[in-house]
Structure formats: C-alpha cells, structure tokens
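Student: Provided below are the primary sequence and the corresponding predicted coordinates.
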Amino acid sequence: MGDPSIQGQPSQARFVKVEVDRLERWLGDQKKIYNRISTEYDLDKRKGEVKMTCVIQVFGVVGYECSEDPPQYLSMANINAHEGLGSASVTPNSNKALKFSDFKQAMKFWNQQSTIRPYREEGKPNKPLTALTVSIVNVE
C-alpha cells in the first residue's frame, strides 16, 4: 500500500518524485552531450585528423577557486588516498601535467570511482576528482 515512510505526506512524495525526474532528465542530457562530443572526436580520429595530447586544467575545487593566472593543470591524483577521499596536485606547467591520449581517456580518469570507498554516505558513487571543476585542454 505504498511506501510507509511517506504515507500521510503526499506533497513531500510528489516533491521527491519531481526532483528525481528532474535529475534523471539532467543526467540524460549530460550523457547526450558527452556522447555527441565523443562521437565527433571519434569521427575526426578515424579521418586521421586528430593527433593530440590532452591535459586536465583545474579551475577550482567545490567551494574554492584556483588561481587562473597562470592556469593550473592536474599533475597527480590518487582517488584512493585518505581512505578513499582522494588527493590531487596541480602545476602551472602543462608539460608536467598528467597526459592523456584523448578526450575520452581524460574524462574517464576524472570520473573514476574510488575502490577503497566506492560510495559516499548518502549512497551516491564516490568519485573524488569530480569535486574539481575542470576543462580538458589539448596540448601540442
């Protein structure tokens, strides 16, 4: 007869349902954007037009900003450090930054889930590097 934890609270149940639906639409949109970018990159790569190295430029950590002058690049990251909370270092020198063969590899690295603490307290996947506001930048 329904979830007993929300019985007698129909307005809260509707609110939660609306929020879940909104988040699912947002996630769907994000996946479409990622897939479109990835597909465009793959098409260029098949044509032999893409021969680049990517680095991750860091603009800040949730709640904090990094200096943009000079730009900061991810130079080290360990998603399992500090009992799964992760650690990262940045450098102003893109030559000393972690290098990735393409956009997909850089995004995959940034989106890694901790193996020490795979889920946060609220049950969501624990992906420490996603606390960083980043951009994938091509370098030559």
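Tutor: Nice, thanks for sending it over.
Student: per-domain residue ranges of the chain.
Tutor: Listed by automatic domain parsing, the domain ranges of the chain are 9-50, 52-140.
Student: could you dump those domains to JSON lines with mean neighbour count and mean pLDDT?
Tutor: Backbone N, C-alpha and C define where each C-beta goes, glycine included. Listed next are these as JSON lines, based on neighbours: other Cβ atoms under 10 Å; pLDDT from 0 to 100:
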{"stretch": "domain 9-50", "mean neighbour count": "11", "mean pLDDT": "63"}
{"stretch": "domain 52-140", "mean neighbour count": "15", "mean pLDDT": "89"}
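Student: quick one, strands of the protein?
Tutor: For the chain, applying DSSP state E gives strands covering 53-61, 64-65, 72-78, 87-91, 132-139.
Student: L74 touches A88, doesn't it?
Tutor: Yes. At 6.2 Å, L74 counts as touching A88 under the criterion of Cβ atoms under 8 Å.
Student: joint contacts of the two?
Tutor: Common neighbours of L74 and A88, using Cβ atoms under 8 Å, 6 or more residues apart in numbering, are V58, L132.
Student: export the strands of the chain to JSON lines and tack on distance to E122?
Tutor: Listed next are the strands of the chain as JSON lines, based on distance: least, Cβ to Cβ, whole Å:
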{"stretch": "strand 53-61", "distance to E122": "19"}
{"stretch": "strand 64-65", "distance to E122": "21"}
{"stretch": "strand 72-78", "distance to E122": "23"}
{"stretch": "strand 87-91", "distance to E122": "22"}
{"stretch": "strand 132-139", "distance to E122": "20"}
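Student: Tell me which of those sits nearest to M107.
Tutor: When the strands of the chain are compared by Cβ to Cβ, strand 132-139 sits nearest M107, at 6.6 Å.
Student: tell me the angle that closest one makes with strand 87-91.
Tutor: In terms of direction (axes from the mean of the first three to the mean of the last three Cα atoms, to 10 degrees), strand 132-139 departs from strand 87-91 by 40 degrees.
Student: what are the pairing partners of strand 132-139, and which direction each?
Tutor: Next to strand 132-139 in the sheet, as set by DSSP bridges, lie strand 53-61 (antiparallel).
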